[in-house]
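Undergrad: Below: sequence and its predicted model.
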Amino acid sequence: MSETTRTHAAMLPPMPPIDSPLRTNVHGTVFAARIDVISRLQPGDRLLLVPDPLQENETPAVWVHVSGGDVLGHVPVQVAAWLAPWMLAGGRCRATVVEVRGSEVESWNRIAIELDRSPPS
């Protein structure tokens, strides 16, 4: 683990236990052509999570991509704050679509995903 990762990890809130999946929503789904990506989603679809490299004094991001590579959005900053350093340290996380809601729901609440985490090997 790099010094930046170690320092950043020491300032983060504790990660929820990995023995049970965690549900969260995908934020940032209203930008670019992401609405087209949303229209193709189905419950059960697997998603890819890509953490940004850690930068000093910056909140990390974890981007959510569909299996074809298109960006869907990102996990909330409260989740990314512990998930990005954990993934960059070797933790694995699979994401699965749980629910896709329509445009009558706020954009930050349209896509519910479940995160299934595995400890670093």
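TA: That came in fine, so what should we check first?
Undergrad: Return the set of buried residues in the helix or strand containing Ala80.
TA: Ala80 is located in helix 77-88, with elements delineated by DSSP states H and E. Under the neighbour-count criterion of 16 or more other CB atoms under 10 Å, helix 77-88 has 79-88 buried. (C-beta placed from N, C-alpha, C; glycine too.)
Undergrad: cool, and stretch 92-108?
TA: In stretch 92-108, counting by 16+ other CB under 10 Å, buried: 93, 95, 97-98, 100, 107.
Undergrad: Just the CA atoms of it, as PDB, please.
TA: Only the C-alpha atoms of stretch 92-108 are listed here, as PDB (Å, rounded to 0.1, in the frame of the first residue of the first chain):
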ATOM      1  CA  ARG A  92     -12.600  -6.900  -4.700                       C
ATOM      2  CA  CYS A  93     -16.100  -5.700  -5.200                       C
ATOM      3  CA  ARG A  94     -18.800  -6.900  -7.600                       C
ATOM      4  CA  ALA A  95     -21.800  -4.800  -8.300                       C
ATOM      5  CA  THR A  96     -25.200  -6.000  -9.500                       C
ATOM      6  CA  VAL A  97     -28.300  -4.000 -10.500                       C
ATOM      7  CA  VAL A  98     -31.100  -4.600  -8.000                       C
ATOM      8  CA  GLU A  99     -33.700  -2.100  -9.300                       C
ATOM      9  CA  VAL A 100     -34.100   0.400 -12.200                       C
ATOM     10  CA  ARG A 101     -36.700   3.000 -11.600                       C
ATOM     11  CA  GLY A 102     -38.300   5.400 -14.200                       C
ATOM     12  CA  SER A 103     -37.900   9.200 -14.800                       C
ATOM     13  CA  GLU A 104     -40.600   9.900 -12.200                       C
ATOM     14  CA  VAL A 105     -37.900   9.200  -9.500                       C
ATOM     15  CA  GLU A 106     -35.000  11.600  -8.800                       C
ATOM     16  CA  SER A 107     -31.900  10.800 -10.900                       C
ATOM     17  CA  TRP A 108     -29.800   9.900  -7.800                       C
END
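Undergrad: name the helices or strands packed onto the host helix or strand of Ala112?
TA: If you go by DSSP H and E, Ala112 is part of strand 111-118. Helices and strands touching strand 111-118, by 3 or more CB pairs under 8 Å, 6 or more residues apart in numbering; DSSP states H and E, are strand 22-25, helix 77-88, strand 92-100.
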